[in-house]
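S.K.: The following comprises the amino acid sequence and a computationally predicted model.
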Amino acid sequence: MSVVTRSLPDDLTVCKGIGVSPGIAIGPAYLYARVSFEVEERSIDPEDVQHEKDRFEQAIRKAERDLHKIIAVTREKLGEDSASIFEAQLLILRDEAVYPAILAYMEKHGCNAGYAVQTVMGKHRQMMEASDSEYLRERSNDLLDIQDRIIRHLRRGRILSAVEESSIIVAENLTAADIILFSRRGILGCAMDFGGPTSHVSIMARALGVPAIVSTHGATSQVSTGDMVILDGIRGELIVNPDEETLAAYRVKQERYARLMQEDKQLVGLVSETLDGHPVSLQANLELREELPLLKEYGAEGIGLFRTEMLLLMEGRAIMTEEEQAEQYLKVVEATRPYTTTFRILDLGGDKLLPMGHREHNPFLGWRGIRILLDKPELLIPQLRAILRASAVGPVRILLPMVTTLGEVRKLKAELETTKQALRDEGIGFDENVPLGVMVEVPSVALQADQFAREVDFFSIGTNDLTQYVLAVDRGNDLVAEIYNELHPAVLELIRMTTQAARDAGIPVSLCGELATNLRAVPVLLGLGVTSLSASPIYLPAIKRVVRAMKLTEGEALARRALRSSDPQEFRAYMDRWLEEHACGVTFFLEGSQA
Ligand code: PEP
Ligand code: MG
């Protein structure tokens, strides 16, 4: 395992970021500088304003033509769902908050079209960048892409997305359109100073299989075009001008990764079952329609958790209408059937955006998830109606977030029944038996799991929150990250109580927190009685590798050990040795895992 554990020489320049698309790329860097145009204000005589408006309209048409081309390439390479990113951009061009506002600005200020575009779209971007929502902040980059596209056409500039072939792109930021166009030139990977895992460019990189890292905090100032670089999309690192020894070690790692990926492809078609014949259903956590092609690619048996916050709050406008939601959910269900889609209804609050502009001192213990939905039927009812409507075309389950009390579940069930009756009265079809489940993410639910099991059709264990609530440690606070231990015996005990209650009541239980992607935890979780895991699709093959390499009885013994363990370091080392002996291929991924 020398490749995995070897530490890098101290004098090497290593830019640390977040790996958003796994894989290893080795090659020359190409520093890509996005050409952004700063447009000067020019005054336009009143009689010429119409001419300026016509120029604006022409630029919009050219931008539409570009986007149609990009949509066609994306469709061909990645399918319809990935193309929807650009379809959304296409809509923004004529969005009612943008297009008429630009015309009105030109009219009012008698200024040039480029300046009006820059000012109006700039204001929208500023609002998005200042938002509490990571999703909106990341989408502001898409808006900049559209703005640049229009301005370039106003200047009759050519859209230059040309880069050096077979290079590793290092850029401050890239857009989803950039990466689509670059992929035609066979780029090896990309590193960006900014961005997050859920930005469109990250989603595209994963879909295209281009290794990528984001949030490097300044890789562009450390790298020059032509430098030899190693991009490690698993660890999230960019190594600049490595020494021979590091290079050789990474070449070995690259080969091993390629071999593993090859083997993973074969794994996709194999059953997910332990050596002693216990099936373990592996499902996907998704948030965006563009991720749907990953279901098939990574062999997911349905969607164990569809977080609806991102989808519903797209474009930073008001929450989608029932009609808009129904259209989105239908597409998700159609792409997932015959497998089941589990839609979690809005989990607002906590660290997630609250569109009502509400602020709290202690949001994780405040107005969050089902607490908000029960107070705000105008959010709850359209979403329930839209999900029920989608259930007419394929199997759907409804999952409730942040449940604390039995009373909340009962109230929600009453709302669901009223909603169903309204649909029946209107003659709208839906699945009468849509299962209703709760997230087990607040300790009270795990402690009363036997009573909850009588009220609901399934459990989904959310270890991200369960851990923070059991150990009283904020999941997003670096200062206490050491204490945030999802394998703490107290967390595991609550998981055990939950699976036990589910088994007694004969209802399914799955686990959808990040813990499912911690390969050290997988045998323990199965040993604790978890029969289904849901995770970001790219992790599913490695999880399946562990499942297929173990016996359930071994998992049970490991679970007993974990429940007794008082030393996280010791247990971690023990699991590393266990994995090395039983499923050695997967240890490759451990270095990149959070645990
Ligand atoms: C969880 O809490 O484990 C979970 C899956 O939900 P989220 O991460 O969306 O809070
Ligand atoms: Mg949660």
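M.R.: Perfect, thanks for sending it. Note that this is a predicted model, so its numbers are computed, not measured. Numbering: from 1, shown residues only. Ligands and ions are numbered 1, 2, ... in the order given.
S.K.: neighbours of the residue of the stretch 1-150 of the chain at minimum distance from ligand 2, just the number please.
M.R.: The minimum distance from the stretch 1-150 of the chain to ligand 2, using CB to the ion, falls at residue 134 (15.1 Å). Where you see a C-beta, it was placed from the backbone N, CA and C, and this is true even at glycine. Using other CB atoms under 10 Å, residue 134 has 16 neighbouring residues.
S.K.: Skipping adjacent residues, who's closest to it in space?
M.R.: The shortest distance from residue 134 to any non-neighbouring residue, by CB to CB, 6 or more residues apart in numbering, is to residue 196 (5.8 Å).
S.K.: any idea of the pLDDT on the residue of the stretch 251-400 of the chain found nearest ligand 2?
M.R.: For the stretch 251-400 of the chain and ligand 2, the shortest gap (CB to the ion) falls at residue 347, measuring 6.3 Å. Residue 347 carries a pLDDT value of 91.
S.K.: Run through the residues that contact it.
M.R.: By CB atoms under 8 Å, 6 or more residues apart in numbering, the residues touching residue 347 are 307-309, 368-369, 401-402.
S.K.: would it count as being in a helix?
M.R.: No - counting by DSSP: H, G, I helix; E, B strand; the rest coil, residue 347 is not found in a helix; it is coil.
S.K.: nearest residue to residue 541 other than its sequence neighbours?
M.R.: Nearest non-adjacent residue to residue 541 (CB to CB, 6+ apart): residue 264, at 3.7 Å.
S.K.: Next, work out how far apart the one you found and residue 297 are.
M.R.: Distance of residue 264 to residue 297, computed by CB to CB, to the nearest Å: 10 Å.
S.K.: how close does the residue of the stretch 251-400 of the chain closest to ligand 2 get to residue 462?
M.R.: Taking CB to CB, one finds residue 347 at 9 Å from residue 462.
S.K.: And for residue 289?
M.R.: Counting by CB to CB, the gap from residue 289 to residue 462 is 22 Å.
S.K.: More neighbours: which of these two?
M.R.: Legend: neighbour count by other CB under 10 Å for residue 289 and residue 462, higher for residue 462 (26 against 22).
S.K.: Name the nearest residue to that one, sequence neighbours excluded.
M.R.: Nearest to residue 462 is residue 441, by CB to CB, 6+ apart, at 3.4 Å.
S.K.: What helices and strands are in contact with the helix or strand where residue 60 lies?
M.R.: Here residue 60 sits within helix 49-78, counting by DSSP states H and E. Helix 49-78 is packed against helix 80-93, helix 99-109, helix 113-129, helix 134-154, helix 176-183, helix 200-208, with contacts defined by 3 or more CB pairs under 8 Å, 6 or more residues apart in numbering; DSSP states H and E.
S.K.: would a markdown table of the ones you listed with mean pLDDT be doable?
M.R.: Conversion of the helices and strands packed on helix 49-78 to a markdown table gives the following (pLDDT from 0 to 100):
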| stretch | mean pLDDT |
| --- | --- |
| helix 80-93 | 84 |
| helix 99-109 | 94 |
| helix 113-129 | 91 |
| helix 134-154 | 82 |
| helix 176-183 | 81 |
| helix 200-208 | 81 |
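S.K.: Let's have those in JSON lines, adding distance to residue 576.
M.R.: Below are the helices and strands packed on helix 49-78 laid out as JSON lines (distance: least, CB to CB, whole Å):
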{"stretch": "helix 80-93", "distance to residue 576": "36"}
{"stretch": "helix 99-109", "distance to residue 576": "57"}
{"stretch": "helix 113-129", "distance to residue 576": "41"}
{"stretch": "helix 134-154", "distance to residue 576": "32"}
{"stretch": "helix 176-183", "distance to residue 576": "35"}
{"stretch": "helix 200-208", "distance to residue 576": "27"}
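S.K.: For ligand 1, which of those helices is the nearest?
M.R.: Closest approach to ligand 1 among those (CB to the nearest ligand atom): helix 134-154, 12.2 Å.
S.K.: avg pLDDT for the helix or strand just after that closest one?
M.R.: With elements assigned by DSSP H and E, the helix or strand that comes after helix 134-154 is strand 168-171. Strand 168-171 comes out with an average pLDDT of 95.
S.K.: same deal with stretch 433-444?
M.R.: On average, stretch 433-444 scores 98.
S.K.: Give me the neighbour count for residue 553.
M.R.: The burial count for residue 553: 13, using other CB under 10 Å.
S.K.: That one against residue 276, yeah?
M.R.: Yes - with contact defined as CB atoms under 8 Å, residue 553 reaches residue 276; the gap is 6.5 Å.
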